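S.K.: structural data only, the sequence is not supplied:
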């Protein structure tokens, strides 16, 4: 069995950022499994929200404590131990840390169910969220930078498509297990499901321990940027002045909050606008909506092969705002149809904001990725606001207007990457990059010849000194 490797110095240049499609296939396939895992966890969470309202007698606003615990853990993980682990020990160590925390959190569901403690479930969910926050801190930037930068947005959207598949499987399982009987004893099914998740996650951690996962250093990312981007954009800029990154952070936070709110209260919305609907049927509708979400990611990824990702992003975001506005104003099957279409158009937004937000960061890519992941705390802030609004007006559909406002704020980023000249220039340069596409020998000659690579960049710096 191969001895596991751990550390690569961040000031070293490796071949990590210059991998071809074929070379990056195996590590990306392993990392993609992680996306399915947290999609599955997120899908279960949305159904548990309604399930606990029934079995533990909590209100809609109180049940949002699950989302608050889950997404509140993200900034704690990404800004502290996950970021530290990724920068000091590398991506593989961060993957294993995240899987371990995920497994521990899943095990904690067992005693929480025995004690019938909603607070216990929230605590266990916080541990799971810490694990998933660690995984996302490493997995999203790894997918964005491992392989040709030309296909970065497409690559992360394809991987996130499997996350969307997980969100379909989660509600389907829950509707057949958790809602089989709306009886307090059904919490036993929650125990066994999460025990199975824990066993699988710990086994996957062992696989990652011995897997050959190429590390990508800060200098690798600086080299990739220097080769890919032309003009003023190649200058090293302090992280605090990377305005596109901070725009992406705000956009991601608002988007995540609004998306989570819709998913969290989808079942409540469906039950209210369609009288006589059963909870298990509403959970099936949620699974259909998540299926549309997954389909949207696959189709969006395909469109990015032929249309610039920033344009596809703008098209989809327009669909999000339009469909949600119609869903708020209508009822019965029309409302359910348009809220489902909203899920379809939401599909590519998170990964595309993430990938575009990392453009031009160079050696600051890891740190920048941590900030974007931290913004997922929006998923802990917006749902309680929507839940409290729904309780106040006794109308979930009207409360979705709050989510619409956050979607509009986030949509400014979609408009910005298409309309702001400098941002558009950087994004398009990466999309047209030949790194990892042309053969490595030709590319090495280009770098040595001074066509924007690290050698050229370092020579310029020495000349100025």
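M.R.: That came in fine, so what should we check first? Nothing here was measured: the structure is a model prediction, and the numbers come from that model.

S.K.: report the buried residues of the helix or strand harbouring residue 343.
M.R.: Assigned by DSSP states H and E, residue 343 falls within helix 332-346. Buried residues in helix 332-346, counted by 16 or more other CB atoms under 10 Å: 335-336, 338-346. (Each C-beta comes from the backbone N, C-alpha and C, glycine too.)

S.K.: rank these by pLDDT and give me only the lowest.
M.R.: Among the buried residues of helix 332-346, residue 335 has the lowest pLDDT, at 90.

S.K.: how near is that one to residue 260?
M.R.: Distance, residue 335 to residue 260, using CB to CB, to the nearest Å: 20 Å.

S.K.: if we can go back for a sec, dump the buried residues of helix 332-346 to JSON lines, plus distance to residue 60.
M.R.: Shown next, in JSON lines, are the buried residues of helix 332-346 (distance: CB to CB, whole Å):
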{"residue": "335", "distance to residue 60": "18"}
{"residue": "336", "distance to residue 60": "19"}
{"residue": "338", "distance to residue 60": "21"}
{"residue": "339", "distance to residue 60": "17"}
{"residue": "340", "distance to residue 60": "21"}
{"residue": "341", "distance to residue 60": "24"}
{"residue": "342", "distance to residue 60": "19"}
{"residue": "343", "distance to residue 60": "20"}
{"residue": "344", "distance to residue 60": "25"}
{"residue": "345", "distance to residue 60": "25"}
{"residue": "346", "distance to residue 60": "21"}
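
S.K.: gap between the helix or strand that contains residue 224 and the chain center?
M.R.: Applying DSSP H and E as the criterion places residue 224 in helix 218-228. Chain-centre distance of helix 218-228: 24 Å, with CA atoms, centre = their mean, to the nearest Å.

S.K.: packing partners of that helix?
M.R.: Counting contacts by 3 or more CB pairs under 8 Å, 6 or more residues apart in numbering; DSSP states H and E, helix 218-228 packs against helix 118-145, helix 365-374, helix 440-448, helix 454-464.

S.K.: what residues of the longest one count as buried?
M.R.: Read it as helix 118-145. 118, 120-145.

S.K.: so it versus helix 365-374, what angle?
M.R.: Between the axes of helix 118-145 and helix 365-374, defined by axes from the mean of the first three to the mean of the last three CA atoms, to 10 degrees, the angle is 140 degrees.

S.K.: any low-confidence regions in the stretch 151-300 of the chain?
M.R.: Within the stretch 151-300 of the chain, the stretches with pLDDT under 70 are 171, 174-186, 228-236.

S.K.: how near is residue 90 to residue 138?
M.R.: Counting by CB to CB, the gap from residue 90 to residue 138 is 9 Å.

S.K.: now residue 28
M.R.: On the measure of CB to CB, residue 28 and residue 138 end up 13 Å apart.

S.K.: okay, residue 93 and residue 105: tell me how far apart.
M.R.: Distance of residue 93 to residue 105, given as CB to CB: 19 Å.

S.K.: neighbour-wise, which of those two wins?
M.R.: With neighbours defined as other CB atoms under 10 Å, residue 93 and residue 105 compare such that residue 105 has more, 27 against 20.

S.K.: which ones are touching that one?
M.R.: By CB atoms under 8 Å, 6 or more residues apart in numbering, the contact list for residue 105 reads 124-131.

S.K.: what is the subsequent helix or strand relative to the helix or strand hosting it?
M.R.: Using DSSP H and E, residue 105 falls within helix 91-107. Downstream of helix 91-107, the next assigned helix or strand under DSSP H and E is helix 109-115.

S.K.: report the distance from that following helix to the chain centre.
M.R.: On CA atoms, centre = their mean, the centre of helix 109-115 falls 28 Å from that of its chain.

S.K.: stretch 207-223 now?
M.R.: Remark: stretch 207-223 is offset 20 Å from the chain centroid, using CA atoms, centre = their mean.

S.K.: which of the contacts of residue 105 sits closest to residue 387?
M.R.: residue 125 (15.9 Å; CB to CB).

S.K.: distance of residue 73 relative to residue 66?
M.R.: In terms of CB to CB, residue 73 sits 11 Å off from residue 66.

S.K.: now the common contact residues for those two.
M.R.: Contacts common to residue 73 and residue 66, judged by CB under 8 Å, 6+ apart, are residue 125.

S.K.: roughly how far does the closest residue to residue 376 other than its chain neighbours sit from residue 80?
M.R.: Excluding the flanking residues, the one nearest residue 376 by CB to CB, 6 or more residues apart in numbering is residue 74, at 4.2 Å. Separation of residue 74 from residue 80 (CB to CB) stands at 11 Å.

S.K.: more neighbours: which of those two?
M.R.: It is residue 74, of residue 74 and residue 80, that has more neighbours when counted by other CB under 10 Å, with 26 against 15.

S.K.: element containing the more buried one?
M.R.: helix 65-79.

S.K.: report the angle between that helix and helix 118-145.
M.R.: Using the same axes, to 10 degrees: helix 65-79 against helix 118-145 is 40 degrees.

S.K.: residues contacting stretch 318-330, please?
M.R.: Residues outside stretch 318-330 that contact it (CB under 8 Å, 6+ apart) are 262, 273, 334-335, 338-339, 341-342, 344-346, 349, 397-398, 400-401, 403-404, 407-408, 411.

S.K.: quick check: buried residues in it?
M.R.: 319-321, 323-325, 327-328, 330.

S.K.: what mean pLDDT does that stretch get?
M.R.: pLDDT averaged over stretch 318-330 gives 94.
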